[in-house]
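Student: structure here, sequence nowhere to be found:
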């Protein structure tokens, strides 16, 4: 959970500029009529045109050095910059938990593999310490769907207000806090602002990221370290904040010499694992999975920002996939009848609304509203929502069966009494498979939400209760 202090708004111009420029670099124009595929971490060929030749040479050398590693863990090791603090007593005390804990690092490697390259690239692009790329391991065990009791969400655990302050889109269809690329930009923007505010001290920046800048300032005043170099390790901060920083450095120390701690790091290639396909229209994710020849659960796991069954009606309308599946999706989209891509809006019912009035206002029909929202009559309740298919490009001969809500069209997976854990399984993917909730599966099996599942482990799926 990250508390956000209003004075930080003064620094948001920098954040918005960085985020906007990077978005222009990685997001193609949304035309709603075309599809395109781009590499997730494609370098900006024109980014250095306004800097000096010396700077260009330095950037090119840094890029060449980064590209020389065949393993992301090795590349990260080379970029660690905070080694002076690895010997702190609080860091050393954390090492024992991770020593010989192979299962933990296997889980982290598996979860990080699709997204870590892009995070490492972004950290390198900003010339920041690679220890920052380990923050999601501490915050969420690299689970983009992690949700805390303080309502913090995603790899970097943003609460809603802080996420919005850094431009993270949050609506019924999409939550950018769960989208690793968008959340990484916001988190690194935030950390750089904190670094500038706290004497360019990364220990203090990481502490403020955890506890909030106002709490950190209060601790500094209380300690009497108001001037000169501030010793983070002797500040009167909550135990959680000291532990947060110590955990990041302990993991970095182990990654720096993993074999000495009985750990074998599973290789993650130093190359983009995913390609980005711009659909150009809203699409049912199950339909996209079929076209891309990829499992529905896997496609959802690679695109955790989408909260519903489809991409956004307006933006984003992009899907991340392995390269071979991206090519299959593009090929499928070329042959797809665009009338099969129904776009949906969500309308919140206001006091005094009637189905007829809503239909007239939104240019649709009462029978369509009843069908797609599974309404038996015309009664609606203020405060609830209706799904509205956009019909403007679909023609007047549209059949109701073609726009039935995806929940009605998809055949549910039968709920067995138990599930045997397979490679790649986690509570979220199992919950998605059986239309359950992760917290219920955890409760039925008396385990924590972030528990590490073992291959072959049997999980009870409870009774026939659905959530």
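Tutor: Arrived safely, thanks for sending. Here the structure is a predicted model, which means the values were calculated and not measured.
Student: roughly how far does residue 263 sit from residue 149?
Tutor: 30 Å (C-beta to C-beta, to the nearest Å). No exception for glycine: its C-beta is placed from N, CA and C like everyone else's.
Student: more neighbours: which of these two?
Tutor: Higher neighbour count among residue 263 and residue 149: residue 263, with 19 against 6, using other C-beta atoms under 10 Å.
Student: give me the phi and psi for the more buried one.
Tutor: Here is the backbone geometry of residue 263 (degrees, to the nearest 10): phi -120, psi 130.
Student: quick check, it in contact with residue 100.
Tutor: Yes - counting by C-beta atoms under 8 Å, residue 100 is a contact partner of residue 263 at 7.3 Å.
Student: ok, residue 307 to residue 145 distance?
Tutor: 10 Å.
Student: shared neighbours, the two?
Tutor: residue 178 (C-beta atoms under 8 Å, 6 or more residues apart in numbering).
Student: between the two, which has more neighbouring residues?
Tutor: Shown here are residue 307 and residue 145; by other C-beta under 10 Å, residue 145 has more neighbours (20 against 14).
Student: what about that one, which SS state?
Tutor: Per DSSP: H, G, I helix; E, B strand; the rest coil, the secondary structure class of residue 145 is coil.
Student: isn't it up against residue 428?
Tutor: Yes - the criterion here is C-beta under 8 Å, and residue 145 meets it with residue 428 at 4.9 Å.
Student: overlap of the contact sets of these two?
Tutor: Between them, residue 145 and residue 428 share the contacting residues residue 438, judged by C-beta under 8 Å, 6+ apart.
Student: which residues in the stretch 351-467 of the chain form strands?
Tutor: Using DSSP state E, counting those that start in this stretch, the strands of the stretch 351-467 of the chain run over 385-390, 418-420, 458-460.
Student: over to the chain?
Tutor: Ranges of strands in the chain, per DSSP state E, are 36-39, 275-278, 318-321, 343-348, 385-390, 418-420, 458-460.
Student: quick revisit: can I get the strands of the stretch 351-467 of the chain in TSV including mean neighbour count?
Tutor: Converted to TSV, those look like this (neighbours: other C-beta atoms under 10 Å):
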stretch	mean neighbour count
strand 385-390	18
strand 418-420	13
strand 458-460	14
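Student: go through those and name the closest to residue 294.
Tutor: Closest approach to residue 294 among those (C-beta to C-beta): strand 418-420, 20.9 Å.
Student: spatially nearest residue to residue 253 (excluding sequence neighbours)?
Tutor: residue 86 (4.6 Å; C-beta to C-beta, 6 or more residues apart in numbering).
Student: likewise residue 251?
Tutor: residue 134 (5.2 Å).
Student: and this structure, what are its domains?
Tutor: As assigned by automatic domain parsing, the chain contains the domains 6-31+40-261, 275-340, 343-409, 418-460.
Student: any idea which of those scores lowest on pLDDT?
Tutor: Ranked on mean pLDDT, the bottom entry among those is domain 343-409, at a mean of 73.
Student: if we can go back for a sec, okay, the domains of the chain in TSV with distance to residue 268 next?
Tutor: Below are the domains of the chain laid out as TSV (distance: least, C-beta to C-beta, whole Å):
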stretch	distance to residue 268
domain 6-31+40-261	4
domain 275-340	14
domain 343-409	34
domain 418-460	15
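Student: looking at those, which is nearest to residue 269?
Tutor: Among those, domain 6-31+40-261 sits nearest to residue 269 (C-beta to C-beta), with 7.0 Å.
Student: wait, which of the strands of the stretch 351-467 of the chain is closest to residue 358?
Tutor: Nearest to residue 358, of all the strands of the stretch 351-467 of the chain, is strand 385-390, at 6.8 Å by C-beta to C-beta.
Student: for that closest one, name the packing helices and strands.
Tutor: strand 343-348, helix 355-362, helix 366-372 (3 or more C-beta pairs under 8 Å, 6 or more residues apart in numbering; DSSP states H and E).
Student: list the buried ones in stretch 126-141?
Tutor: 128-141 (16 or more other C-beta atoms under 10 Å).
Student: also stretch 91-110?
Tutor: In terms of neighbour count (16+ other C-beta under 10 Å), stretch 91-110 has its buried residues at 91, 94-95, 98, 101, 104-110.
Student: just the residues you listed: which are in helices?
Tutor: 91, 94-95, 98, 104-110 (DSSP state H).
Student: okay if I get those as JSON lines plus distance to residue 206?
Tutor: Below are these laid out as JSON lines (distance: C-beta to C-beta, whole Å):
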{"residue": "91", "distance to residue 206": "12"}
{"residue": "94", "distance to residue 206": "14"}
{"residue": "95", "distance to residue 206": "18"}
{"residue": "98", "distance to residue 206": "18"}
{"residue": "104", "distance to residue 206": "21"}
{"residue": "105", "distance to residue 206": "21"}
{"residue": "106", "distance to residue 206": "26"}
{"residue": "107", "distance to residue 206": "23"}
{"residue": "108", "distance to residue 206": "19"}
{"residue": "109", "distance to residue 206": "23"}
{"residue": "110", "distance to residue 206": "25"}
